[in-house]
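**Q** pasting the sequence and the predicted coordinates here, then a few questions.
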Amino acid sequence: MLKALAGICFLHLTTIFFLFWATIDDAWWFTRTLYTDLWGKWVMENEDNVWVYMDIPTSYRKDYLQVVQAFAVLSCLFAVFSLCVFIFQLFTLGKGQRFTISGVVQLISCFCIMVALSVYTDHFHRDEKDGWYGWSYIMAWFGWLLTLFTGIMYIILRKRED
């Protein structure tokens, strides 16, 4: 039982790590001379080959960008809250009951990162042909998959009777 509990906590912590990494790191979109994330962009200066931080381009619609930022941050917060609820439920749930509240909170986190990724995919870099999505974007999709898996797992999981 202790190994299963450690595995579940490790999986949940991995999920939280992916979500935070995707939200904070600077690699959502790349080209040869710039890369962007949810908070800014970096452009390479030709003379020195030095990356320079700049504000998000004005071509990005601010309302969509704020939706992506807000839902990415909310996803991180709900994932952390879900882990806290899970640990709380370990000590308060009766034998044989399900971890439904933890699962629902984790599925809310899954929904939040899915909204952020969907809006980003649909509204940004649509007409740019020379770029590609970066590892932070991919980690956000891994985070979505893990939050979905752990949310469903928590809803199915029962507290053992031994």
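**A** That came through fine. Numbering: from 1, shown residues only.

**Q** what packs against the longest helix belonging to the chain?
**A** For the chain, the helix that runs over the most residues, judged by DSSP state H, is helix 62-92. Packing partners of helix 62-92 (3 or more CB pairs under 8 Å, 6 or more residues apart in numbering; DSSP states H and E): helix 2-24, helix 100-123, helix 135-156. (Each C-beta comes from the backbone N, C-alpha and C, glycine too.)

**Q** can you rerun that using 7 Å?
**A** Judged by 3 or more CB pairs under 7 Å, 6 or more residues apart in numbering; DSSP states H and E, the packing partners of helix 62-92 are helix 2-24, helix 100-123.

**Q** residues of it that come out buried?
**A** Neighbour-count burial for helix 62-92 flags 65, 67-69, 71-76, 78-80, 82-83, 85-86, 89 (criterion: 16 or more other CB atoms under 10 Å).

**Q** residues touching the residue nearest the centre of the chain, list them.
**A** Compute the mean C-alpha point of the chain, and by CA atoms, centre = their mean the closest residue is Leu19, 2.9 Å away. Leu19 sits next to Ser75, Cys76, Ala79, Ile113, Gly143 when contact means CB atoms under 7 Å, 6 or more residues apart in numbering.
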